[in-house]
Every structure is written in C-alpha cells, then in structure tokens.
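Asker: Quick one: sequence plus predicted model below, questions after.
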Amino acid sequence: MPTDFETDRPTDLPDEDTNGRRILEFLAANPETGYRAGELTEELEIPRGSVGTTLSRLESRGLVRHEGQYWAIDPAAYDARTASAIGLKTVAEQFDGDYYDGNPDWDADLPDLDDRAAADED
C-alpha cells in the first residue's frame, strides 16, 4: 500500500522482548549510525539469519532504512511518538517504587489551580 512520506508516522512497533524490538531500540539509541547485519548480530547476540529477516520486516513497516549493507533507524520513525513508545517502559521502571508510586494520594492536599486562577481574576 502506498504511503505519504511527509505525513505517515509508523506506530506498529514490534512487541517487547522480540528481536525486532531489540534491534529497533538499539538503532534508535544510535540514530546517526548505520550498522551491518553482522554487527547487529554480534552486538545484540541475535542469530544472523534472524537479523536479516527482522530488518526486512522493520523496513517494510517503515521503521528502518538501509543503504548498501548498512541499516539505521528511519528518521520518519524516530519522532516523539515512536521514541516515547519505546521509552515508556524505561521511564516506568525508573520511577517504580519512588515516593509518588508508593503514595497514590500524594496529590490529595494540593490546591486547585483553577480555583486560584478564578480568584486572581476577581
């Protein structure tokens, strides 16, 4: 199916704990660098046959691109939505168990800012 490269923003990310997700996260962390399939195999310890097939699938989704033997994340895929989807789990893990996570009513005594704004207008 044809797509408009100016407006299309792929959102069909591979499932977590898959080779596709591992490759995509690695390439997203290094957006300026292209890697050969063999380098991804060594870096991520994924079987070489799986890397090639997975890269082809990611390319068909518009998430990665390649020139010759080098693969990189597709700049159109490296936007805020994709980055946030990839990083959401990481952010959640970073704050898991902190004060706010352990105290679900932490905001109960905060003043209502809408009420304050209305009072300031009077």
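Answerer: Perfect, I can see it now.
Asker: Need the distance between the two termini of stretch 99-106.
Answerer: One end of stretch 99-106 sits 9 Å from the other (C-alpha to C-alpha, to the nearest Å).
Asker: what's the distance between it and the middle of its chain?
Answerer: Once both centres are worked out by C-alpha atoms, centre = their mean, to the nearest Å, stretch 99-106 turns out to sit 27 Å from its chain's centre.
Asker: what's next to it, contact-wise?
Answerer: By C-beta atoms under 8 Å, 6 or more residues apart in numbering, the residues outside stretch 99-106 that reach it are residue 95. (C-beta placed from N, C-alpha, C; glycine too.)
Asker: Show me what counts as buried in it.
Answerer: Counting neighbours by 16 or more other C-beta atoms under 10 Å, one finds that stretch 99-106 has no buried residues.
Asker: can you check stretch 63-71 too?
Answerer: Those would be 63-66, 71, for stretch 63-71 by 16+ other C-beta under 10 Å.
Asker: As TSV, the residues you listed with secondary structure and pLDDT would be great.
Answerer: Formatted as TSV, those follow (DSSP: H, G, I helix; E, B strand; the rest coil; pLDDT from 0 to 100):
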residue	secondary structure	pLDDT
63	coil	86
64	strand	90
65	strand	92
66	strand	92
71	strand	96
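Asker: Can you pick out the most distant pair from these?
Answerer: By the measure C-beta to C-beta, 63 and 66 form the most distant pair in the buried residues of stretch 63-71, at 11.6 Å.
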